[in-house]
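> sequence first, then the predicted structure:
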Amino acid sequence: MQITTKSSRVYWVTPAVGVACGLIYLIAFSLGGHPGYGLIALGVMVAFSAGIALVGRRSETVRGLLDHRDERLAGIDLRATAVTAVIMILAVLAGFVIEVARGHDGAPFALIGAVGGVAYLGAVGYFRVRG
Amino acid sequence: MHDKQTLHQAGHPARGRPVRNDVRERRTAKGLAQAELARELAVSRQTINSIETGRYTPSLPLAIAIARFFGTAVEEIFHADHD
C-alpha cells in the first residue's frame, strides 16, 4: 500500500505519544520515590507502542486507526472514542454519586466531570464555528 | 425545520439509509481486485468491500474520486432511489 510522507508521520504519532507517556510516568514515579515502578510503567508503554506499531504493519485495521488515511476507519475511530467517552462519563458520575453518598465532597470526580463538561462545550463552540 | 423535513422525505443518506451503488460491477468489469482499487483510491480494502456491500456510504470526496476513477459521474455509480 502506498504510504505518503504525511501518513507515515501520522502513523507514528500514537506510538510516540505512548513512549512519551512512559517517560512522564518514569519521572512522576521517580519524584514520588518509586523509580522502580516508573521503569516498569515505561517498559509497559514502550512494549505497547512497539506492539501497535508492529501490528499496524500487518493489520489493515490497526494501520488505518494509526495513520487516519482511510475515512471509514477514521469514522470508526471517532465513534469508538465517543462510546468510550460516554462510558467514562457514566463512571465519573457513578464515582461522584458514591462519594457524595459516603459523606465526601465528590472529589476528584466533581473536578473531572467539570473538566469534561467545559471541554464538551468548548468543542461544540469550536466545531460550530468551523462548520 | 423545513430543510430537515425535506431531507427526511428524500431519504437522505444521513438518515442511516445506505445508497445503492455499482462499484462492484464496474470494478470487476475492469478486472480489478478490491485491493487494487483500494490502492488507487488510497483507502483500505475493507472500505472498498463495505462500499460494495452497502454497509458504508462514502464521503462526497471519496464518491467523486471513485466516479473519476471509473470515468463517469457520481450519480451514475451511486443511486439514492430507495423507494
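Noted; the coordinates are in hand.

> from here on, contacts and neighbour counts on C-alpha atoms
OK.

> neighbours around residue 21, how many?
Here I'm looking at chain A. Number of residues near residue A:21 (other CA atoms under 10 Å in any protein chain shown) recorded here: 16.

> actually it's chain B I care about, not the one you picked
20.

> can you check residue B:71 too?
9.

> for chain B, what's its nearest residue on chain A.
Residue nearest to chain B within chain A (CA to the nearest CA): residue A:70, separated by 4.8 Å.

> now do the contacts for the closest residue to that residue other than its chain neighbours.
With CA to CA, 6 or more residues apart in numbering or on different chains as the criterion, residue A:70 has its nearest non-adjacent residue at 4.8 Å, and that residue is residue B:43. Residue B:43 makes contact with A:69, A:70, A:71 under the criterion CA atoms under 8 Å, 6 or more residues apart in numbering or on different chains.

> from residue A:64, how far off is the residue of chain A closest to chain B?
Distance, residue A:70 to residue A:64, by CA to CA, to the nearest Å: 6 Å.

> mutual contacts of the two, please.
Common contact partners of residue A:70 and residue A:64 (CA under 8 Å, 6+ apart): residue B:44.

> now do the strands in chain A.
Shown for chain A, no strands are assigned by DSSP state E.

> need the longest helix for it.
Taking DSSP state H as the criterion, chain A has its longest helix at helix A:71-101.

> chain center to it, what's the gap?
12 Å (CA atoms, centre = their mean, to the nearest Å).

> what mean pLDDT does it have?
Averaging pLDDT along helix A:71-101 gives 96.

> residues near residue 70, how many?
You didn't say which chain, so I picked chain A. 22.

> hmm, I had chain B in mind actually
With other CA under 10 Å as criterion, residue B:70 counts 15.

> select the longest helix from chain B.
Every helix in chain B considered (DSSP H), the longest is helix B:60-69.

> list the buried ones in the following helix or strand past that one?
Toward the C-terminus, helix B:60-69 is succeeded by helix B:74-77 as the next helix or strand (DSSP states H and E). For helix B:74-77, the neighbour count (16 or more other CA atoms under 10 Å in any protein chain shown) marks B:74, B:77 as buried.

> my read: residue A:38 touches residue A:30, true?
Yes. Using CA atoms under 8 Å, residue A:38 is in contact with residue A:30, at 6.4 Å.

> next up, the contacts around residue A:11.
Residue A:11 neighbours (CA under 8 Å, 6+ apart): A:63, A:66, A:67, A:68.
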